[in-house]
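need the 3D shape of this:
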Amino acid sequence: MTWLVEKKRTWAEWVVLRTLQVGPVPTHLAIIMDGNRRYARRQHQDTLTGHTQGFHKLAEMLSWCRDLGITHVTAYAFSIANFKRSKQEVDGLMELATEKFEELLKEQEKMDKHGVRVRVVGDLSLLPARTKQLAAQVTLATRNNTRCCLTLALAYSSRQEMTAAMEAMVEGVGQGHLLPSDISEELLEECLYTSSVKDPELVLRTSGEVRLSDFLLWQSGFSCLYFTEALWPDMTIWHLFGAIFYYQRHHHTLVAARQECLTQRQNAVEERDVDCCRAQHGDNVTQDHITEYTAARTARIAAFIDNLTHRRLTFLQELACSGDE
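Below is the predicted model:
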């Protein structure tokens, strides 16, 4: 199975695809790939076969997204809660993930040619040794590709992600790299695993379940949510067309709500800077004081984020070499 599927579109598919591209198309699609087990039961197959079909469908979905112009895809591959499933299923899924990471590394030349970046996010320490080593190697091997990005959420939960971000900020304050007043929504976002890509405009879930299941809870605050009855292995390009059309119908409202939130957030930051300056200078605050404080805060945060990014990169490099002698 190749991760870069090249499939010819029918005439009807191209017509609809080009028509949809006249309107707004999301650049970041997040997917909750649900229904693999039900698909397997319906086909009278074992559970792992259903998950294998799910991986094949993800590769096919990436080709649809590429044709539509969707440059970022985040897929919910395995949640922390999934570790509660039977040992046989969990072990099978980890072996399957390991196999797919090996395939990705074998296709690195092709990935580089197409500019595909692959990121694996989550609490990688929970994964088996070989799986997390390969996940780190894939992330590092493709980190300089910029044309499109596939993010795999593995051993992931949004609450764990936000907790890790909060812990990083608390540590930054404790070590003197940040001031308590530096803590903000913007900084929390910078500390999330997904900070290097924009929030998803569209979140798609298959199998008829109408919930997010602890997936990108922070990032999807202003996303369009689309739920389909189709099981994940049964997804077709027409289901994706339906999701894009639904997104276009609600695009204006979503953009307006997001912009209003960003404006309010920026105003809150500016007001906090003024308050901090008043605490230092009393009623003699001038614009120069505010400008100086804002520049210092920006520099502190930038240095903190650079350090956090370096630490996470070092962690990946250590994981990637963890099995080598």
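
in which helix or strand would I find Ala77?
Here Ala77 is covered by strand 72-79, with elements defined by DSSP states H and E.

direction included, what does that strand pair against?
Strand 72-79 has the following strand partners under DSSP bridges: strand 28-32 (parallel), strand 148-156 (parallel).

now those as JSON lines including mean neighbour count, mean pLDDT and distance to Val170?
In short, each C-beta sits where N, CA and C put it, glycine included. Shown next, in JSON lines, are the strands paired with strand 72-79 (neighbours: other Cβ atoms under 10 Å; pLDDT from 0 to 100; distance: least, Cβ to Cβ, whole Å):
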{"stretch": "strand 28-32", "mean neighbour count": "25", "mean pLDDT": "98", "distance to Val170": "28"}
{"stretch": "strand 148-156", "mean neighbour count": "24", "mean pLDDT": "96", "distance to Val170": "21"}
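
kindly reformat those as TSV containing distance to Met166.
Formatted as TSV, the strands paired with strand 72-79 follow (distance: least, Cβ to Cβ, whole Å):
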stretch	distance to Met166
strand 28-32	22
strand 148-156	16
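
of all those, which one is nearest Asp199?
With Cβ to Cβ as the criterion, Asp199 lies closest to strand 28-32 of these, at 6.9 Å.

I'd like the next helix or strand past the closest one.
Per DSSP H and E, the first helix or strand lying C-terminal to strand 28-32 is helix 36-42.

before we move on, the earlier item: to Leu231, which of the strands paired with strand 72-79 lies closest?
strand 28-32 (12.2 Å).

Leu62 is in contact with Lys7, correct?
No. Contact criterion Cβ atoms under 8 Å: Lys7 and Leu62 do not qualify, at 10.8 Å.

which of these two has more neighbours?
More neighbours surround Leu62 than the other of Lys7 and Leu62, with 20 against 11 (other Cβ atoms under 10 Å).

buried stuff in whatever helix or strand the more buried one lives in?
Using DSSP H and E, the secondary-structure element containing Leu62 is helix 47-68. By neighbour count on 16 or more other Cβ atoms under 10 Å, the buried set for helix 47-68 is 47-55, 57-68.

leaving out the residues flanking it, which one is nearest to Arg272?
Leaving aside its chain neighbours, Arg272 sits nearest to Ser181 (6.3 Å; criterion: Cβ to Cβ, 6 or more residues apart in numbering).

ok, the one you found - contacts?
272, 276, 297 (Cβ atoms under 8 Å, 6 or more residues apart in numbering).

just put the residues you listed in TSV and tack on pLDDT and distance to Gln259.
As requested, those are exported to TSV (pLDDT from 0 to 100; distance: Cβ to Cβ, whole Å):
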residue	pLDDT	distance to Gln259
Arg272	90	21
Cys276	89	26
Arg297	94	24
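
now the element after the worst-scoring helix or strand of the chain on mean pLDDT, going C-ward?
The weakest-scoring helix or strand in the chain, judged by mean pLDDT, DSSP states H and E, is helix 108-114 (a mean of 89). Counting by DSSP H and E, the next helix or strand C-terminal to helix 108-114 is strand 116-121.

pLDDT on stretch 230-240, on average?
When pLDDT is averaged along stretch 230-240, the result is 97.

Provide the contact partners of it at residue level.
Defining contact as Cβ under 8 Å, 6+ apart, one finds that stretch 230-240 is touched by 9, 13, 16, 33-36, 38-39, 42, 50, 53-54, 56-57, 61, 64-65, 68, 204, 206-207, 228.

repeat that for stretch 69-86.
Defining contact as Cβ under 8 Å, 6+ apart, one finds that stretch 69-86 is touched by 21, 25-33, 58, 61-62, 65, 90, 93, 97, 122-123, 126, 147-157, 160, 194, 197-198, 200, 213-216.

could I get the buried residue list for that stretch?
For stretch 69-86, burial by neighbour count (16+ other Cβ under 10 Å) applies to 70-80, 82.

and Asp34, what is it in contact with?
Residues in contact with Asp34 (Cβ under 8 Å, 6+ apart) are 205-207, 209, 231-232.

in this structure Ala129 contacts Ser322, no?
Yes. Using Cβ under 8 Å, Ala129 makes contact with Ser322 at a distance of 6.7 Å.

tell me which stretches of the stretch 201-325 of the chain form helices.
Using DSSP state H, counting those that start in this stretch, the helices of the stretch 201-325 of the chain run over residues 237-281, 287-320.

so can I have TSV of those showing distance to Leu188 and mean neighbour count?
Output for those, formatted as TSV (distance: least, Cβ to Cβ, whole Å; neighbours: other Cβ atoms under 10 Å):
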stretch	distance to Leu188	mean neighbour count
helix 237-281	11	15
helix 287-320	11	14
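
would you mind giving both backbone torsions of Pro189?
Pro isn't right for residue 189; it's Glu. The phi/psi pair for Glu189 (degrees, to the nearest 10) reads phi -60, psi -40.

give me the number of residues near it?
Neighbour number of Glu189 under other Cβ under 10 Å is 15.

just the pLDDT at it, thanks.
Predicted confidence (pLDDT) at Glu189: the value is 95.

fine by me, we can end here.
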